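J.: quick check, what structure comes out for this input:
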Amino acid sequence: MTSLSLREKDKQVLGQVVEGYLRQGKPVSSDLITQTGFLRDSPATIRNIMVKLEEMGYLLKPHTSAGRIPTDKGLRFYVNSLLDSIRTTGEVRNYARDLTQGRGDFNSLLNRVSLLLAEQSDNLGFVISPRISKIPINHLRFIKVAEDKVMVILLTTFNLVLNEIVRTSQYFTQNELDEASQFLTANYRGRNLVFVRADLLRELPRYKKRYEAVAGRLAELLRSYFFQEDQTDQIFFQGTSKLLDQASEFSLEKLKVLFRDFEEKAKLARLISDFISLDRVKVLIGSEVNLPDVADCTLILSHYGSSNQVLGSLGIIGPKRIPYRRIIPLVDGIAQGLTRAISESH
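T.: Numbers count the residues shown, from 1 in each chain. Now for the predicted structure:
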């Protein structure tokens, strides 16, 4: 059966069970729902509806209790109803506005955002930094910082400055790097570095007439950077202590594995990046994440960037029993605030 089989009364009872469980962390009984006064039906009528919802897979009855708790399917139905009508509160808009007033470099901004997410959600907050190779360039500069290191400085088409140091086995003089910077800026404005490298390799015979000494090595430099980028996705996170405060919501062994993943930042960043979408907010509950290590968790994700370019993702990781009604607008509002901070501050 699908959610289309649920009557309005079924949806109301399911919503009451979910919200009661999220508040108290205990099975919710028909008597408790009656006491809230939200529904005027008798406990017997509500109990019959709960039995139906259990048979349909939305609720689960622990064997030691007369009440019921929501399954992942029940939580999903509840969360979908919230996602249909996201409203960013005035309080969240204030948090987002504060981001545009801060000072410091881009990484400092992302670190502040992860801290804000953690403090306001009481869960772990994270922000994944952009992949420079995927961002359209307006201006590009290469600077030699050592025999085997080149700094890539990129001005995006929306005036954000990003930089990264690349290790390379190729030897360049600074004059060669200056020529390459000028050539790529003049010929590839509005394209990203992935396109640049592919085009360089495709057109290498033609470019060799003028840039024979540097074109092939430049393509190899970009390949080295892409490999480095794949291995070192940068993720900023704050609030691991917030999860420790909720240790009762997790099995101890799974919590240990989860914290080990936090230490392996690149692995965690790749996991989260797989779920980036153009939805304003995406919520993944328990088994939906499809990883045993985080089966007790919920991920609430959003993305930030410019009006036509997704740069990265942000959000919170917490137990399945979190106040979705409050945290979904929080993540959405902070994502919008970071997007605004990028466009207004750079």
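
J.: which non-adjacent residue is nearest Gly190?
T.: Pro136 (5.3 Å; C-beta to C-beta, 6 or more residues apart in numbering). Where C-beta positions appear, they are placed from N, C-alpha and C, glycine not excepted.

J.: run a quick neighbour tally on the one you found.
T.: Pro136 has 18 neighbours, counted by other C-beta atoms under 10 Å.

J.: residues near the nearest residue to Lys73 once chain neighbours are set aside, how many?
T.: The shortest distance from Lys73 to any non-neighbouring residue, by C-beta to C-beta, 6+ apart, is to Gly57 (5.0 Å). Using other C-beta under 10 Å, Gly57 has 12 neighbouring residues.

J.: SS state for Gly57?
T.: What DSSP: H, G, I helix; E, B strand; the rest coil gives for Gly57 is coil.

J.: and it, what are its phi and psi?
T.: When read as degrees, to the nearest 10, the backbone of Gly57 gives phi 90, psi 10.

J.: tell me how far it lies from Leu115.
T.: Using C-beta to C-beta, to the nearest Å, we find Gly57 at a distance of 38 Å from Leu115.

J.: and Val214, by the same measure?
T.: Distance from Val214 to Leu115, by C-beta to C-beta: 43 Å.

J.: now Arg189
T.: Arg189 sits 35 Å away from Leu115, taking C-beta to C-beta as the criterion.

J.: any idea which helix or strand carries the residue lying closest to Arg280 once chain neighbours are set aside?
T.: Closest residue in space to Arg280, ignoring its immediate chain neighbours: Asp332 at 5.5 Å, by C-beta to C-beta, 6+ apart. For Asp332, the host element (DSSP states H and E) is helix 324-345.

J.: now that helix, how far from the chain's geometric center?
T.: Chain-centre distance of helix 324-345: 12 Å, with C-alpha atoms, centre = their mean, to the nearest Å.

J.: okay, Leu299: pLDDT?
T.: Looking at Leu299, its pLDDT stands at 87.

J.: was I right about it contacting Gly286?
T.: No - using C-beta atoms under 8 Å, Leu299 is not in contact with Gly286; the gap is 9.9 Å.

J.: the two - which one has more neighbours?
T.: Shown here are Leu299 and Gly286; by other C-beta under 10 Å, Leu299 has more neighbours (22 against 19).

J.: need phi/psi at that one.
T.: With angles defined as degrees, to the nearest 10, Leu299 sits at phi -110, psi 130.

J.: hey, what's it bridged with?
T.: Listed by DSSP bridges, the beta-bridge partners for Leu299 are Leu284, Ile317.

J.: mind checking how far it is from Ile328?
T.: 12 Å.

J.: between those two, what contacts are shared?
T.: Between them, Leu299 and Ile328 share these contacting residues under C-beta atoms under 8 Å, 6 or more residues apart in numbering: Val283.

J.: quick one, helices of the stretch 201-346 of the chain?
T.: Here the stretch 201-346 of the chain has its helices, by DSSP state H, counting those that start in this stretch, at 204-211, 215-231, 240-244, 252-263, 265-273, 324-345.

J.: quick one: contacts for the residue nearest to Lys73?
T.: Residues near Gly57 by C-beta under 8 Å, 6+ apart: 71, 73-74.

J.: nearest to Lys282, of those?
T.: Nearest to Lys282 out of the contacts of Gly57 is Lys73 (C-beta to C-beta; 17.3 Å).

J.: which pLDDT value belongs to the closest one?
T.: The model's pLDDT for Lys73 equals 93.

J.: next: the one 5 residues further on.
T.: On pLDDT, Tyr78 comes in at 94.

J.: before we move on, what about Glu91?
T.: Here, the pLDDT recorded for Glu91 equals 68.

J.: now do Gln16
T.: The confidence metric pLDDT takes the value 94 at Gln16.

J.: list the buried residues of the strand or helix carrying it.
T.: Gln16 is part of helix 8-24 when elements are defined by DSSP H and E. Using 16 or more other C-beta atoms under 10 Å as the test for burial, helix 8-24 gives 10-22.

J.: repeat for stretch 217-231
T.: 217-222, 224-226, 229.

J.: so what's the closest residue to Leu301 other than its chain neighbours up against?
T.: Spatial nearest neighbour of Leu301, excluding adjacent residues (C-beta to C-beta, 6+ apart): Gly315 at 4.0 Å. Residues in contact with Gly315 (C-beta under 8 Å, 6+ apart) are 117, 125-126, 272, 299-302, 331.

J.: so what does the helix holding Asp332 touch, helix or strand wise?
T.: The contact analysis (3 or more C-beta pairs under 8 Å, 6 or more residues apart in numbering; DSSP states H and E) places helix 324-345 against helix 72-83, helix 90-99, helix 106-121, strand 297-306, strand 309-319.

J.: so Lys242 makes contact with Ala118?
T.: Yes - applying C-beta under 8 Å, one finds Lys242 in contact with Ala118, separated by 5.9 Å.

J.: so where's the stretch 101-250 of the chain shaky on pLDDT?
T.: Applying pLDDT under 70 to the stretch 101-250 of the chain flags residues 101-104, 204-213, 231-233, 247, 250.
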